Structure formats: C-alpha cells, structure tokens
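>>> Okay, sequence plus prediction incoming.
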Amino acid sequence: MMKRLIAAALFCLPAAMAAAQVPPEIAKNGLKVAIVPNYPPMEFKDPATGQLTGFDVELGEAIAKKLNIKIIWQETSFDQMMPAIQTGRVDAILSGMTDLASRHETASFVDYMRSGPQFFVQASRATEFADMKGLCGKSVGASRRTSFPKEIEKWSNANCPGNPLKFVGTEGSADARTQLKQGRIDAAMQGSETLPYVMGLEPGAYMPVGKAIAFQYTGLALPVKEKGLQTAVAGALDAMIADGSYKALLAKWQLADNAVEKAAINLGE
C-alpha cells in the first residue's frame with residue numbers, strides 16, 4: 001500500500017511542476033485551442049450527439065486536467081489555424097498537425113505522436129498492387145494542404161524513374177477516398193494514424209499498399225514565445241506517459257503503434 005502511495009505521488013509531481021509553468025492569464029481564463037473536426041479518429045463530430053470527440057480531443061482534455069486549467073475548443077479551418085496562433089486569437093492548435101521545420105517560425109510543437117503517410121487502394125484492385133512498384137505510373141490522390149504531395153514526389157523519384165506517380169490534389173482525406181471509390185484516382189494516401197480507423201468503418205473496402213513511406217511527428221502547436229506554456233504541456237504529457245493514461249488513450253483509438261516514449265519539442269524536419 002505504501003509503495004502504491006509513493007508511486008502515485010511521484011506521478012503527480014511532474015504534473016504539479018508543469019502546472020506552475022502555465023501563464024497566469026491561461027490559468028485564469030482557460031486555454032483556447034483551434035481544432036478542425038474532420039479527421040477521425042484524431043478529431044471529429046460524434047454523429048449521434050454532434051459533440052467533439054476523438055483522440056486529440058480526449059488528449060487535450062486530459063492535458064488540461066493535469067494542468068488544472070479548462071480547455072476552450074475553437075473550431076476553424078485548416079488554413080486559419082496558423083494565422084490564429086500567430087495573431088493570438090488562440091493559444092494552441094491540437095488538430096492532428098504535422099510538426100514541420102517550415103512551421104517553427106510561427107509555432108513550437110510539443111510532439112505527442114509519430115506517424116507517416118501510407119498508400120492505400122480499393123480492395124477490389126488488390127491484385128494490381130501486389131507490391132509498391134505497382135503504384136508507378138498510377139494517379140495518387142492526397143490532401144494538397146499537407147506534406148503528402150512532397151512525400152509522394154520524393155518516393156516517386158526514388159522508386160519510379162521514367163514512370164512517375166501522377167499526383168492529384170484533394171480537399172482533405174475524405175475527398176481522396178471519394179475520388180478513389182469513384183475510380184477517378186488509382187490510389188490514395190493517408191496518415192498511418194488514421195488509416196486503421198477508416199478501414200474499420202468500411203470493412204473490406206480498402207487495402208494498404210506497403211508501409212508508411214516516411215515518419216513524421218504530430219504536435220500540439222503553441223506560440224514560439226510561450227516557453228513556459230511549452231514546458232507545461234510537455235510536462236503534462238510526460239505525466240500521462242508515466243501514469244499509463246497516454247498508452248490507454250492510444251489503445252482506445254487504435255493508435256498504439258504511433259506512441260512516443262517522451263514529450264519533445266520541435267522534432268519535425
């Protein structure tokens with residue numbers, strides 16, 4: 001019994017230290033967080049209730065609880081998220097955003113997940129894509145607002161000399177899947193963190209082709225100047241890793257393979 005009490009106290013210590021780093025205004029008024037709820041299982045609206053749900057939503061609420069603050073979700077568009085944090089309209093972004101070095105001038109990222117872009121096709125065409133070479137010369141759709149277009153070009157240059165992939169920009173992952181079903185593209189790309197969930201919603205509809213072609217970090221974006229807030233959020237995440245709640249949350253949303261061992265800041269390249 002005494003050992004369990006000591007262990008519990010040790011788990012609470014990082015969270016308490018992290019909470020002390022929260023800026024007074026946020027501690028008083030709450031953390032305003034931008035989110036785009038159209039990326040299941042990371043963030044989406046529950047069809048039955050219309051309420052925000054998903055891994056990011058539960059992670060944000062858990063971090064806020066560790067820091068003893070309230071979280072105020074602000075739905076926005078993808079294009080407006082970085083301007084919103086730059087101008088101070090929000091204090092953070094928690095919406096499946098990839099930590100990229102090109103974004104570090106605007107925001108600092110507390111990295112909480114590791115994932116990568118992965119090709120997939122209609123299961124009915126599985127025999128055409130026995131291996132990844134089958135993608136050469138084919139049309140591949142992916143959200144034009146992500147890093148996927150560059151990753152597709154890089155992979156194509158390295159693996160399909162003389163017969164490159166034909167990239168088709170889409171308005172998000174849902175649009176890519178729609179075009180795939182309609183036969184307007186041969187394959188699509190989606191983050192490895194979301195593909196298992198999507199396949200679970202439509203059993204037998206899709207088949208992954210190969211493995212993720214790169215690895216990226218997903219991060220909670222914060223203002224560059226807010227060093228204390230960055231330390232606080234990282235500390236809260238480390239406390240969740242230590243007490244097992246982070247692992248449990250990943251398992252709930254079929255994301256166990258995407259875990260990080262420790263919170264880190266700006267690992268993105």
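Yes, it's here.
>>> hey, let's count contacts and neighbours off CA atoms from now on
Will do.
>>> My read is that residue 126 contacts residue 205, right?
No. Between residue 126 and residue 205 there is no contact under Cα atoms under 8 Å: 10.5 Å.
>>> got the residue ranges for the strands in the stretch 101-250 of the chain?
107-115, 117-122, 139-143, 166-170, 187-191, 206-209, 216-223 (DSSP state E, counting those that start in this stretch).
>>> got the contact list for the spatially most central residue of the chain?
In the chain, the residue lying closest to the centroid (Cα atoms, centre = their mean) is residue 96, at 2.8 Å. Each residue near residue 96 by Cα atoms under 8 Å, 6 or more residues apart in numbering is listed here: 39, 42-43, 56, 218-219.
>>> which stretches of the stretch 101-250 of the chain have low pLDDT?
For the stretch 101-250 of the chain, no stretch is flagged by pLDDT under 70.
>>> Read off the pLDDT value for the residue nearest to the centre of the chain.
Looking at residue 96, its pLDDT reads 91.
>>> What's the separation between it and residue 138?
Residue 96 is 28 Å from residue 138, where distance means Cα to Cα, to the nearest Å.
>>> Same question for residue 32.
Residue 32 is 43 Å from residue 138, by Cα to Cα.
>>> So which of these two has more stuff around it?
residue 32 (19 against 15; other Cα atoms under 10 Å).
>>> Quickly list what the more buried one is bridged to.
residue 72 (DSSP bridges).
>>> Export only the CA atoms of stretch 59-77, formatted as PDB.
This file holds the C-alpha atoms of stretch 59-77, laid out as PDB (Å, rounded to 0.1, in the frame of the first residue of the first chain):
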ATOM      1  CA  LEU A  59      -5.800  14.100 -25.100                       C
ATOM      2  CA  GLY A  60      -6.400  17.900 -24.900                       C
ATOM      3  CA  GLU A  61      -8.900  17.400 -22.100                       C
ATOM      4  CA  ALA A  62      -6.500  15.100 -20.200                       C
ATOM      5  CA  ILE A  63      -3.600  17.600 -20.500                       C
ATOM      6  CA  ALA A  64      -5.800  20.400 -19.300                       C
ATOM      7  CA  LYS A  65      -6.800  18.300 -16.300                       C
ATOM      8  CA  LYS A  66      -3.200  17.600 -15.500                       C
ATOM      9  CA  LEU A  67      -2.500  21.400 -15.600                       C
ATOM     10  CA  ASN A  68      -5.700  22.200 -13.700                       C
ATOM     11  CA  ILE A  69      -7.000  24.500 -16.400                       C
ATOM     12  CA  LYS A  70     -10.000  24.500 -18.700                       C
ATOM     13  CA  ILE A  71      -9.800  24.000 -22.400                       C
ATOM     14  CA  ILE A  72     -11.900  26.100 -24.800                       C
ATOM     15  CA  TRP A  73     -12.200  24.500 -28.300                       C
ATOM     16  CA  GLN A  74     -12.500  26.800 -31.200                       C
ATOM     17  CA  GLU A  75     -13.500  25.200 -34.500                       C
ATOM     18  CA  THR A  76     -11.800  26.800 -37.500                       C
ATOM     19  CA  SER A  77     -10.500  25.900 -41.000                       C
END
